[in-house]
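> Okay, sequence plus prediction incoming.
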Protein chains: 2
Amino acid sequence: MPRVMLTVAYDGTDFHGFARQPELRTVQGVLEVGLSRVLVKPVEVFGASRTDAGVHARHQVVHFDLEDDNCVLPIDRLGYALSRQMPSDLAVLSAISPWARFHARHSVRQKTYRYAIRVGRVRDVFTDRFELHVPTQLNVVAMQEAARWLTGRHDFTSFCFAHAQQDSKIRTLDDIRIVRPDETRLLLEVSGKSFLHNMIRIIMGTLLDVGQGRRTSEDMKRILAQRDRRAAGPTAPARGLTLWDIRYDDSSAEASNFTLRWP
Amino acid sequence: MPRVMLTVAYDGTDFHGFARQPELRTVQGVLEVGLSRVLVKPVEVFGASRTDAGVHARHQVVHFDLEDDNCVLPIDRLGYALSRQMPSDLAVLSAISPWARFHARHSVRQKTYRYAIRVGRVRDVFTDRFELHVPTQLNVVAMQEAARWLTGRHDFTSFCFAHAQQDSKIRTLDDIRIVRPDETRLLLEVSGKSFLHNMIRIIMGTLLDVGQGRRTSEDMKRILAQRDRRAAGPTAPARGLTLWDIRYDDSSAEASNFTLRWP
């Protein structure tokens, strides 16, 4: 059963998240319907990340398996045919044959998410779908100090959706950075192998509390230690969050070689 | 009657153009409803450019007149109150008191429009609302040569919507440029005092014919001379067009001082 690795990007605004749900427009659902049309049989896809409703992806990875007898199309033609089935808010960036034992989720070495904030009186109508508009100035230095407490391996219960089904709340943040590319933007970039439900949005909501002076950067240490969702700040809106990049264990050179292979 | 000058920006995708139309969502309509709420009486606004359905604006200018007796709000408070009434795809960037005899349309010295094209196999889901996706490579040099025929004062009948109501089809293009900021984008930037109906979109459609080899750059000269809409190429889709900037006759220093004046 040859496996196919797809890279896709989407504007999450009009999707009810990645995971298939009956009657709702989801990324998985739209991909599966498109693939089933191309291959003329039902296809199930597996995504690297089950992004929430409203969350975007610049680089999401998905795999599915072909039965041998439906390899009628070369893989690049298959990617092209699929891309022609997609709506304007979901793009198929590449389709390749991955290395042996590749799995879109299990083989992930590192995922990077970016949360974008527009700081200023007025929203930017051209990027508004992809960022949270915060009209007040933020104390960026305090936010950077607060974020520093979170790097490394911790029990992140305080930063997890209270009714999450994950058993262990221990995760490792490889990197967490707050950057200010210009006066009007603030970006939170977080990298790690896996995250808890709503984790990045709760971190962002808590960092906004710090940036707006409702909490100090030292509070972050205490919140982490409390292991209680109620200790942290609100869950920031989905609109600002984008799955930015994914790296894989093996053959990372291959994985990053996301050239467009179809004609 | 004190006059107020507003600068606004909008994502034109979900508007039926600038000009008010019964039962349809238009930029003028949404601004007038918002202002009428703030001032608690009917208000009529005048725009510098009546952008078509689907055309965007990074910098559109609008004016309206206050009756003396409704100057209850300082102008910056008025701008702020109006901005709070706006939907997420229409932003009020500034509200100022303009110089004497200012008129949003009549005082215009120069308007600049930008038409954006995404060149490449795959659309960019993050900017797709604001650009035309062209999957084939374009001959940019030929397009630049073709565009050169259009600068200056000409009869632009060939580049005007066939049923347009404008009497004279003579216009002056101050500047027309095709720039390629990176491998995947191509921008047409056109400046002039005023334009004919659909003029920039027909120019873009004809330049795409040149870029894709269906016409030569020399053809542009002939098309211009024919003064016949049927001689030119198709009207490019509205989605790629953005009203980019407006300059005024008098007090251009003031006009460009679009600082955000409200708290």
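Perfect, thanks for sending it.
> Helices of the stretch 51-200 of chain A, residue ranges please.
A:75-85, A:140-148, A:199-211 (DSSP state H, counting those that start in this stretch).
> got the CA positions of the first one in PDB?
Pointing back at helix A:75-85 there. Output of helix A:75-85 as PDB, limited to C-alpha atoms (Å, rounded to 0.1, in the frame of the first residue of the first chain):
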ATOM      1  CA  ILE A  75       1.800  10.800  -7.800                       C
ATOM      2  CA  ASP A  76       2.400  14.300  -9.200                       C
ATOM      3  CA  ARG A  77      -0.700  14.000 -11.400                       C
ATOM      4  CA  LEU A  78      -2.600  12.800  -8.400                       C
ATOM      5  CA  GLY A  79      -1.500  15.900  -6.500                       C
ATOM      6  CA  TYR A  80      -2.500  18.200  -9.400                       C
ATOM      7  CA  ALA A  81      -5.800  16.500  -9.800                       C
ATOM      8  CA  LEU A  82      -6.600  16.900  -6.100                       C
ATOM      9  CA  SER A  83      -5.500  20.500  -6.100                       C
ATOM     10  CA  ARG A  84      -8.100  21.200  -8.900                       C
ATOM     11  CA  GLN A  85     -10.800  19.800  -6.600                       C
END
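> Just the buried residues of that helix, please?
If you call a residue buried by 16 or more other C-beta atoms under 10 Å in any protein chain shown, then helix A:75-85 has these buried ones: A:Ile75, A:Leu78, A:Gly79, A:Tyr80, A:Ala81, A:Leu82, A:Ser83, A:Gln85. C-beta coordinates here come from the backbone N, C-alpha and C atoms, glycine included.
> Equivalent analysis for stretch A:183-198, please.
A:Arg185, A:Leu186, A:Leu187, A:Leu188, A:Glu189, A:Val190, A:Ser191, A:Gly192, A:Phe195, A:Leu196, A:His197, A:Asn198.
> got it, and stretch A:144-163?
In stretch A:144-163, counting by 16+ other C-beta under 10 Å, buried: A:144-147, A:149-151, A:154, A:156-161.
> Run the chain-centre distance for it.
17 Å (C-alpha atoms, centre = their mean, to the nearest Å).
> Repeat that for stretch A:191-205.
For stretch A:191-205, the distance to the chain centre is 10 Å (C-alpha atoms, centre = their mean).
> now do stretch A:207-222
With C-alpha atoms, centre = their mean, you get 24 Å for stretch A:207-222.
> dump the residue contacts of the residue nearest to A:Arg123 when sequence neighbours are not counted.
Distances taken as C-beta to C-beta, 6 or more residues apart in numbering or on different chains place A:His133 nearest to A:Arg123, at 4.4 Å, with adjacent residues excluded. A:His133 sits next to A:Ile117, A:Arg118, A:Arg123 when contact means C-beta atoms under 8 Å, 6 or more residues apart in numbering or on different chains.
> between those residues, which is closest to chain B?
Nearest to chain B among the contacts of A:His133, counting by C-beta to the nearest C-beta, is A:Arg123 at 5.4 Å.
> Write down the beta-bridge partners of the nearest residue to A:Ala147 once chain neighbours are set aside, one by one.
Leaving aside its sequence neighbours, A:Ala147 sits nearest to A:Ile176 (C-beta to C-beta, 6+ apart; 4.9 Å). Bridge pairing for A:Ile176 (DSSP bridges) gives the partners A:Val190.
> mind listing what A:Ile176 touches?
A:Ile176 sits in contact with A:Ala147, A:Arg148, A:Leu150, A:Thr151, A:Leu188, A:Glu189, A:Val190, A:Ser191, A:Ile203, where contact means C-beta under 8 Å, 6+ apart.
> Which two among those residues are spaced furthest apart?
Longest distance between any two of these is 14.6 Å, between A:Arg148 and A:Ser191; criterion C-beta to C-beta.
> mind listing the strands for the stretch 1-150 of chain A?
Per DSSP state E, counting those that start in this stretch, the stretch 1-150 of chain A carries strands over the ranges A:3-10, A:46-47, A:56-65, A:90-96, A:108-119, A:132-134.
> Tabulate the ones you listed (JSON lines), appending distance to B:Arg20.
Conversion of the strands of the stretch 1-150 of chain A to JSON lines gives the following (distance: least, C-beta to C-beta, whole Å):
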{"stretch": "strand A:3-10", "distance to B:Arg20": "35"}
{"stretch": "strand A:46-47", "distance to B:Arg20": "45"}
{"stretch": "strand A:56-65", "distance to B:Arg20": "34"}
{"stretch": "strand A:90-96", "distance to B:Arg20": "35"}
{"stretch": "strand A:108-119", "distance to B:Arg20": "29"}
{"stretch": "strand A:132-134", "distance to B:Arg20": "27"}
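> mind putting these in JSON lines, mean pLDDT included?
Shown next, in JSON lines, are these (pLDDT from 0 to 100):
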{"stretch": "strand A:3-10", "mean pLDDT": "95"}
{"stretch": "strand A:46-47", "mean pLDDT": "97"}
{"stretch": "strand A:56-65", "mean pLDDT": "96"}
{"stretch": "strand A:90-96", "mean pLDDT": "94"}
{"stretch": "strand A:108-119", "mean pLDDT": "97"}
{"stretch": "strand A:132-134", "mean pLDDT": "96"}
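> Which of those strands sits closest to B:Gly240?
Ranked by C-beta to C-beta, the member of the strands of the stretch 1-150 of chain A that lies closest to B:Gly240 is strand A:90-96, at 17.2 Å.
> how about the closest one, does it get close to chain B?
Yes. Using C-beta under 8 Å from any C-beta of the partner chain, strand A:90-96 reaches chain B at A:Leu90, A:Ala91, A:Val92, A:Leu93.
> I'd like the distance from that strand to the chain centre, please.
16 Å.
> again with stretch A:234-247
Stretch A:234-247 has its C-alpha centroid displaced from the chain centroid by 6 Å (C-alpha atoms, centre = their mean).
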